[in-house]
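1. sequence first, predicted model second:
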Amino acid sequence: MNRILVTGATGNVGQEIVAQLVSVGRPVRALVREARRLAAGVEVAEGDLSKPDTLEPALVGVETVFLVWPFLTTEGASAVLDTIQGHARRVVYLSSSGVNAEAEQQSDPINQLHADMESLIEKSGLQWTFLRANTIASNTRGWAAQIRGTGVVRGPDIAATAVVDPRDVAAVAVRVLVDDGHAGATYVLTGPEVVSRAQQVRAIGEAVGRPLRFEEVPVEIAREQMLADGRPPALVEALLASAETRPHSGLITSAVEEITGTPARTFRQWAADHAGDFR
């Protein structure tokens, strides 16, 4: 049976993929940087994507890899793909819905990274499938401290988008990982409705049972605060570039339902199911 290696296995999407693969009885190996126990039925392997030689033991017997690239540049990615190709035949890559395949230059550094990664994977000789996910609902966990502390989420505004539930991204990934017929395909995954940051904050307020609000902060002030919080400068600039340049998008796709047979969840559903994260 196809053994699957999941990178980013303890992240918001990765842990959902691991759990769903276990639930359907598929052999899954979780790549972690430090040894830890995960759920029953999950094989754990130590390895670090920044050190390709550490991946060899994790890839033994693996046919398919779910790849999350956690860095801000593609430095080292070719070596990682070469290592994967030495064992596996297929990669499913978590990309961004903001990637414009027709553009020579992407709208911001994060979308540029994903476009560059897609290009490297296409040239790697591996079979591939790209999952271009929209903004993922669980990113709002970054607001939890502000919500608990003041009830006001302060930050730069970003164009509204069809936020997608990580469980839905994972459900699509699982189908692509275990079924044939997805080689060379690119799927754009969105939620069922476009929601702004202010609407997301209000939905979380409804879920926790108290009024919350979003307060837009100028980019320069946001930059000062993010740097003061200790975030790496390169990450701060990438995130703020996205806030400044991301165009409005009304894009809503039916890919989640078409692939899984179940409609995509709303952001309100995600907030209700995860209200405890904000209390």
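-> All right, it came through fine.
2. which residues of this protein fall in helices?
-> 14-23, 56-59, 77-85, 109-122, 144-149, 166-178, 197-208, 219-228, 233-245, 255-260, 267-273 (DSSP state H).
3. any stretches of this protein with poor pLDDT?
-> 1 (pLDDT under 70).
4. of the helices of the chain, give the one that comes closest to residue 2.
-> Evaluated with Cβ to Cβ, the helices of the chain place helix 166-178 nearest to residue 2, the distance being 6.8 Å. All C-beta spots, glycine's among them, are computed from the backbone N, C-alpha and C.
5. by contact count, what packs against the closest one?
-> helix 14-23, strand 64-67, strand 90-96, strand 127-133, strand 186-189, helix 255-260 (3 or more Cβ pairs under 8 Å, 6 or more residues apart in numbering; DSSP states H and E).
6. show me how far the fifth one is from its chain's centre.
-> Centroid separation for strand 186-189 versus its chain: 13 Å, with Cα atoms, centre = their mean, to the nearest Å.
7. to residue 207, which of the helices and strands packed on helix 166-178 lies closest?
-> Closest among these, using Cβ to Cβ: helix 14-23, at 19.1 Å.
8. going by neighbour count, list what's buried in that closest one.
-> 14, 15, 16, 17, 18, 19, 20, 21, 22 (16 or more other Cβ atoms under 10 Å).
9. and stretch 27-38, by the same measure?
-> Neighbour-count burial for stretch 27-38 flags 27, 28, 29, 30, 31, 32, 38 (criterion: 16+ other Cβ under 10 Å).
10. got the contact list for the fifth one?
-> The neighbours of residue 31, taking Cβ atoms under 8 Å, 6 or more residues apart in numbering as the test, are 5, 6, 7, 8, 9, 45, 46, 47, 49, 55, 58.
11. could you list which of these belong to strands?
-> Applying DSSP state E to the contacts of residue 31, the entries found in strands are 5, 6, 45, 46.
12. if we can go back for a sec, distance to residue 231 added to the helices and strands packed on helix 166-178, as JSON lines?
-> Formatted as JSON lines, these follow (distance: least, Cβ to Cβ, whole Å):
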{"stretch": "helix 14-23", "distance to residue 231": "22"}
{"stretch": "strand 64-67", "distance to residue 231": "24"}
{"stretch": "strand 90-96", "distance to residue 231": "20"}
{"stretch": "strand 127-133", "distance to residue 231": "22"}
{"stretch": "strand 186-189", "distance to residue 231": "27"}
{"stretch": "helix 255-260", "distance to residue 231": "31"}
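13. before I go, just wanted to say thanks for your time.
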